[in-house]
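sequence and predicted structure, then a few things I'm wondering about:
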Amino acid sequence: HAFSRKFLSKGWFSSGLRLLFLNAGIDHNSAGLSPRTLDGFERVWQVNFLGHALLAELLLPRLRSNEPSLIVSTSSGASENACESMGACEGRFCPCFSNWAFLPPPEPPHRNVTIHFLKGNITQLAGNYGVSKWSQIFWSRALAAREQAMRVAVSSFT
């Protein structure tokens, strides 16, 4: 909230805010930090997804008043293997998002997981980076539908 309040109170972009580019993020939780934020969410998911969604919602009134405007969200190909990378299941076609059981995502297990790609497999420590990017893509799609009439375009790319 602090950034958006300061941004709006300073009158920055007094000629109009027309573009919001959401590109900040982390790929894992830093050593020494709790895996959960003070709000109780898993840290990677909050930084990469909830932070972007909240900032966009807080700045939407300004974007709407300067239509046409655009919100661009940076995602990642890691979204394609989100369920495997968080340790929810194994196998390329893992339906962990077929219901709401994994959203918000739990803390990932402290173990290695195998990620299956068409060109081979990799093993890595379980994490929620892919889940945060998957969330961005589907939030962007829903926001685009909701804001179309207000002439605020929304796009997500990897």
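Looks like it arrived, so ask away.

CA only for contacts and neighbour counts going forward, please
Fine.

residues in contact with the residue nearest the centre of the chain?
Nearest to the mean C-alpha position of the chain, by C-alpha atoms, centre = their mean, lies F49 at 2.7 Å. Contacts for F49 (C-alpha atoms under 8 Å, 6 or more residues apart in numbering) come out as S132, K133, S135, Q136.

any chance of these in CSV with pLDDT, neighbour count and secondary structure as columns?
Shown next, in CSV, are the contacts of F49 (pLDDT from 0 to 100; neighbours: other C-alpha atoms under 10 Å; DSSP: H, G, I helix; E, B strand; the rest coil):
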residue, pLDDT, neighbour count, secondary structure
S132, 94, 28, helix
K133, 93, 27, helix
S135, 93, 22, helix
Q136, 93, 27, helix
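
tell me the one of these nearest E57?
Nearest to E57, judged by C-alpha to C-alpha, of the contacts of F49 is Q136 at 13.4 Å.

would you confirm that the closest one contacts T158?
No. When contacts are counted by C-alpha atoms under 8 Å, Q136 is not listed as touching T158 (10.5 Å).

can you show me the strands along the chain?
Taking DSSP state E as the criterion, the chain contains strands spanning 19-22, 69-74, 112-117, 120-125, 152-157.

tell me what the third one is packed against?
Going back to what we said before, that points to strand 112-117. helix 82-85, strand 120-125 (3 or more C-alpha pairs under 8 Å, 6 or more residues apart in numbering; DSSP states H and E).

now these in CSV, with mean pLDDT and distance to E57?
Formatted as CSV, these follow (pLDDT from 0 to 100; distance: least, C-alpha to C-alpha, whole Å):
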stretch, mean pLDDT, distance to E57
helix 82-85, 88, 25
strand 120-125, 90, 33
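
and among these, the most buried is which?
Highest mean neighbour count among the helices and strands packed on strand 112-117 (mean count of other C-alpha atoms under 10 Å): helix 82-85, with a mean of 26.

what lies in contact with that one?
89-92, 94-97, 113-115, 124-131, 134.

one more: stretch 53-69?
With C-alpha under 8 Å, 6+ apart, stretch 53-69 has contacts from 1, 4, 16-20, 70-71, 139, 150-153.

among the residues you listed, name the buried ones.
Buried members of those, scored by 16 or more other C-alpha atoms under 10 Å, are L17, R18, L19, L20, L70, I71, W139, M150, R151, V152, A153.

the closest residue to the first one other than its chain neighbours: how many residues sit nearby?
Sequence neighbours aside, L63 is the residue nearest to L17 in space, at 5.6 Å (criterion: C-alpha to C-alpha, 6 or more residues apart in numbering). When neighbours are counted by other C-alpha atoms under 10 Å, L63 registers 24.
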